[in-house]
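Asks: Next come a sequence and a model predicted from it.
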Amino acid sequence: MILKQHYPLFQTFFGTPSLKQRAARNGRSAEMEHRAILREVLLVLKKRSLAEVLAAMPNVGTDADFERIQGKQQVADVFA
């Protein structure tokens, strides 16, 4: 998910100049430039606690949506 505060970094990466052009400008390979961009973006992300992540989850659905199906019923393969 692209966070609003990181949009300029993603715009720089996915907009012009292309990754290869940016890499050439910085004297790096495209792979090294990609790693540098990821490092740059990931370092600005705020680490959140599990409690903060859980509190940020939307309150949708009901408990029935998550109830376990009891018995030996045939359940459709969810991975098919």
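Replies: Cool, the structure landed.
Asks: Centre of the chain to the biggest helix by length in the chain, how far?
Replies: The residue-count maximum for a helix in the chain (DSSP state H) belongs to helix 30-44. Relative to the chain's own centre, helix 30-44 is displaced by 14 Å; criterion: Cα atoms, centre = their mean, to the nearest Å.
Asks: how about that helix: buried residues?
Replies: 33, 37, 41 (16 or more other Cβ atoms under 10 Å). Heads up, the C-betas are built off the backbone N, CA and C, glycines and all.
Asks: what's that helix packed up against?
Replies: helix 7-14, helix 19-25 (3 or more Cβ pairs under 8 Å, 6 or more residues apart in numbering; DSSP states H and E).
Asks: Number of residues surrounding the residue nearest to Ala30 when sequence neighbours are not counted?
Replies: Leaving out its chain neighbours, the residue that sits closest to Ala30 by Cβ to Cβ, 6 or more residues apart in numbering is Ala23, at 4.7 Å. Here the number of neighbours of Ala23 (other Cβ atoms under 10 Å) works out to 19.
Asks: What residue, apart from its backbone neighbours, is nearest Arg28 spatially?
Replies: Ala36 (6.8 Å).
Asks: Could you report the pLDDT at the one you found?
Replies: In this model, Ala36 is scored at 90, pLDDT.
Asks: looking at it, it is touching Gly27, isn't it?
Replies: No - Ala36 is not in contact with Gly27 according to Cβ atoms under 8 Å; the separation is 11.2 Å.
Asks: Could you check how far Glu67 is from Gly61?
Replies: 11 Å (Cβ to Cβ, to the nearest Å).
Asks: ok, and the closest non-adjacent residue to Lys20?
Replies: Counting by Cβ to Cβ, 6+ apart, Lys20 lies nearest to Ala30, which is 5.2 Å off, once chain neighbours are set aside.
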